[in-house]
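# quick one, what's the 3D model for this:
(chains A, B, C and D)
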2 protein chains.
Amino acid sequence: MSAFSESETGNGRGNGSATKIQEKNRGRILEAAFSEFAQFGYRGARIEHIAAAAGMSKSNLLYYFGSKKDIYKAVLADLLDIWLAPLRTLDPEGDPREELSAYINQKIELSARYPEASKLFANEVMQGAPMIGDVLEGSLKALVDEKAQVIRTWAANGKIRPVDPHHLIFMIWATTQHYADFATQIRALTGTGIEEAEFRKSAEETVASIVLDGVVARQG
Amino acid sequence: MSAFSESETGNGRGNGSATKIQEKNRGRILEAAFSEFAQFGYRGARIEHIAAAAGMSKSNLLYYFGSKKDIYKAVLADLLDIWLAPLRTLDPEGDPREELSAYINQKIELSARYPEASKLFANEVMQGAPMIGDVLEGSLKALVDEKAQVIRTWAANGKIRPVDPHHLIFMIWATTQHYADFATQIRALTGTGIEEAEFRKSAEETVASIVLDGVVARQG
DNA sequence: GCTCGATTTGACCGTTTGGTCAGGTTTTAC
DNA sequence: GTAAAACCTGACCAAACGGTCAAATCGAGC
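Numbers count the residues shown, from 1 in each chain, chains lettered A, B, ... in the order given. All right, here's what the predicted structure looks like:
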């Protein structure tokens, strides 16, 4: 695992810079919390489970993060960084087919590498986004509005068929995240999953081909 | 609300057939439990919330369903009936374009009418399907295998492009359920949602057109 | 090797939760 | 109308939970 940052939220006493031990333990906690929150949601998660998974006592965990909500906030902050990165790379100047294809692949890779991030995000949103509602309405909306305009421009220039940008984005989110969120179901039905390279490749190809052939005029 | 059946699971004492009162109260409980479990997941759900929402005391609720797990099981049993119905109607004899289009529309209608069912199903699966794992591997797998064969036959007969049936089914599930599961995000980004007829219609049209144009040769 | 702050722990507390129980009230059957 | 069964409730319980705290331990700088 990687990509877990600091996310200042009251460790032991008011301090300046983080020590090596702090860095290590905060990382462990966030990693463990990620799994726990992803699997059980905020209310279902148990602080003691997280502590055990992080290899420390509950008391010590609460020395680093003052409360359950603090841990959750820190985890979500890290999550959003990871989760929204691919959309930012959608380039208005690029070829729509290549851009969308790359975006789909990035999202699937992300679902494969951080399946728990996907589940955690889904969980938070499904509960009404009590913690990240402002982010959704603020910076995410701004980002999506911007990229929707990119898609509209592509359509106006005849590079893709006219299509509602929001629905297109939702489709890509839905299909790619599905492989992480519903991994259990997929494994039950196919005997494999996105963790395995072969299946991941076929998922990427099928999703990309259907979406692209649906949105962009066929090129072959 | 409707479509809540009995789902025998230990009411007060060993009995034969259900009374009017039983029918009414079990229905209320299942309805309330549906919302609660959908929003908070199994562990996050609170028995007392369900009782309050059903307009009765916690003790009385436990008179009808012996334990939290019993309620959850009953809710899931009802859920599966509702949730898997549309796929059964996929007709091998029908026109692929019409069949898939109808299936997509049915799934979106279902997401619009029972958004909580969608969330509940997602929640259960995201936690590893501890309660319905056997159903997924058993009757659902059988159903999906059957319908996958239908899709393969369509492809073999040149009625649709060759496409992995599983991925196609997952795409339809993902896109249609997304409108229920991520309703909060969708509302934050678009200001509307699948509950509203206009938006639902545009969702149906966009999803259907992209999927169909991606899978079936264009007919325009 | 001493000191002082950072780190860690176990004991503890108040609250919440799922579930039980004895007994009261209502409905049903005759 | 009355007895039995069905229904309902409030008081109660044990376990689990999030969180506090005093005290023990560790580690870097001198």
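# can you name the residue of chain A nearest to DNA strand C?
Of all residues in chain A, A:S59 sits closest to DNA strand C, at 3.0 Å by C-beta to the nearest atom of the strand. From N, CA and C alone the C-beta is placed, and that goes for glycine too.
# domain-wise, how is chain A divided?
Domains of chain A are assigned by automatic domain parsing as A:1-76, A:89-215.
# not counting its neighbours along the chain, what's nearest A:F40?
B:R43 (5.4 Å; C-beta to C-beta, 6 or more residues apart in numbering or on different chains).
# what strand or helix carries that neighbour?
According to DSSP states H and E, B:R43 maps onto helix B:20-44.
# now for the helix or strand following that helix, which elements pack on it?
Using DSSP H and E, the helix or strand that follows helix B:20-44 towards the C-terminus is helix B:47-53. Secondary-structure packing of helix B:47-53 (3 or more C-beta pairs under 8 Å, 6 or more residues apart in numbering or on different chains; DSSP states H and E): helix B:20-44, helix B:58-64, helix B:68-88.
# buried residues in the longest one?
Put plainly, it is helix B:20-44. Of all the residues in helix B:20-44, those buried under the rule 16 or more other C-beta atoms under 10 Å in any protein chain shown are B:22, B:25-42, B:44.
# mind putting the domains of chain A into a markdown table with distance to B:E99 and mean pLDDT?
Converted to a markdown table, the domains of chain A look like this (distance: least, C-beta to C-beta, whole Å; pLDDT from 0 to 100):
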| stretch | distance to B:E99 | mean pLDDT |
| --- | --- | --- |
| domain A:1-76 | 36 | 83 |
| domain A:89-215 | 16 | 96 |
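# make JSON lines out of these and add distance to B:W83.
Formatted as JSON lines, those follow (distance: least, C-beta to C-beta, whole Å):
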{"stretch": "domain A:1-76", "distance to B:W83": "20"}
{"stretch": "domain A:89-215", "distance to B:W83": "12"}
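# what's the most buried one of those?
Of all the domains of chain A, domain A:89-215 has the most neighbours on average by mean count of other C-beta atoms under 10 Å in any protein chain shown, namely a mean of 19.
# spit out the contact partners of the spatially most central residue of chain A.
Note on chain A: the residue nearest the mean C-alpha position is A:W83, at 3.2 Å, using C-alpha atoms, centre = their mean. Neighbour list for A:W83: A:110, A:117-118, A:121 [criterion: C-beta atoms under 8 Å, 6 or more residues apart in numbering or on different chains].
# B:K73: which of those residues is nearest?
Checking these against B:K73 by C-beta to C-beta gives A:S118 as the nearest, at 27.0 Å.
# is stretch A:200-208 in proximity to chain B?
Yes - using C-beta under 8 Å from any C-beta of the partner chain, we find that stretch A:200-208 touches chain B at A:202-203, A:206-207.
# could you list which of those residues also contact DNA strand D?
Contacts with DNA strand D are made by none of these, judged by C-beta under 7 Å from any atom of the strand.
# mind listing which of those residues are in helices?
Within those, residues falling in helices by DSSP state H are A:202-203, A:206-207.
# got the residues of chain A near DNA strand D?
Residues of chain A lying close to DNA strand D (C-beta under 7 Å from any atom of the strand) are A:20, A:45-48, A:58-59, A:62, A:66-69.
# can I get those in TSV with distance to B:A53?
As requested, the residues of chain A next to DNA strand D are arranged in TSV below (distance: C-beta to C-beta, whole Å):
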residue	distance to B:A53
A:K20	50
A:A45	23
A:R46	25
A:I47	28
A:E48	29
A:K58	33
A:S59	37
A:L62	33
A:G66	33
A:S67	28
A:K68	25
A:K69	25
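# closest one of those to B:D213?
Set against B:D213, the nearest of those by C-beta to C-beta is A:A45 (42.5 Å).
# for that closest one, list the residues it contacts.
Going by C-beta under 8 Å, 6+ apart, A:A45 touches A:33, A:36-37, A:39, A:68, A:72.
# now, the most widely separated pair of the residues you listed?
Distances among these were taken as C-beta to C-beta; the most separated pair is A:Q39 and A:K68, at 15.2 Å.
# got the confidence number for A:A217?
Per-residue confidence at A:A217 stands at 67 (pLDDT).
# correct me, but A:H178 touches B:A174?
Yes - at 3.5 Å, A:H178 and B:A174 qualify as touching, with contact defined as C-beta atoms under 8 Å.
# neighbouring contacts of stretch A:181-201?
So stretch A:181-201 is contacted by A:108-109, A:111-112, A:115, A:118-119, A:122, A:179-180, A:203, B:122, B:125-126, B:128-129, B:133, B:136-137, B:140-141, B:144, B:166, B:170, B:173-174 (C-beta under 8 Å, 6+ apart).
# torsion angles phi and psi at A:D164?
Note on A:D164: its backbone torsions stand at phi -70, psi 120 [degrees, to the nearest 10].
# check contacts around the nearest residue to it once chain neighbours are set aside.
Excluding its sequence neighbours, the residue lying closest to A:D164 (C-beta to C-beta, 6+ apart) is B:T206, at 5.0 Å. Going by C-beta under 8 Å, 6+ apart, B:T206 touches A:163-164, A:167-168, A:171.
# where does the residue nearest to A:G128 when sequence neighbours are not counted land in three-state SS?
Among residues not flanking A:G128 along the chain, B:T184 sits closest, at 5.1 Å (C-beta to C-beta, 6+ apart). Assigned by DSSP: H, G, I helix; E, B strand; the rest coil, the conformation of B:T184 is helix.
# quick one on the thing from earlier: which of the contacts of A:W83 sits closest to A:T153?
Using C-beta to C-beta, the shortest approach to A:T153 within those belongs to A:L110, at 25.7 Å.
# so the closest one sits against A:I104, correct?
No - A:L110 lies out of contact with A:I104 (C-beta under 8 Å); the separation is 10.7 Å.
# what do the two both touch?
Contacts common to A:L110 and A:I104, judged by C-beta under 8 Å, 6+ apart, are A:T176.
# now do the SS call for A:G55.
Reduced to three states with three-state DSSP, the structure at A:G55 is coil.
# let me have the contacts of A:A45 in a markdown table, extended by distance to A:A188.
A markdown table is the format used below for those (distance: C-beta to C-beta, whole Å):
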| residue | distance to A:A188 |
| --- | --- |
| A:A33 | 27 |
| A:E36 | 23 |
| A:F37 | 24 |
| A:Q39 | 17 |
| A:K68 | 32 |
| A:Y72 | 30 |
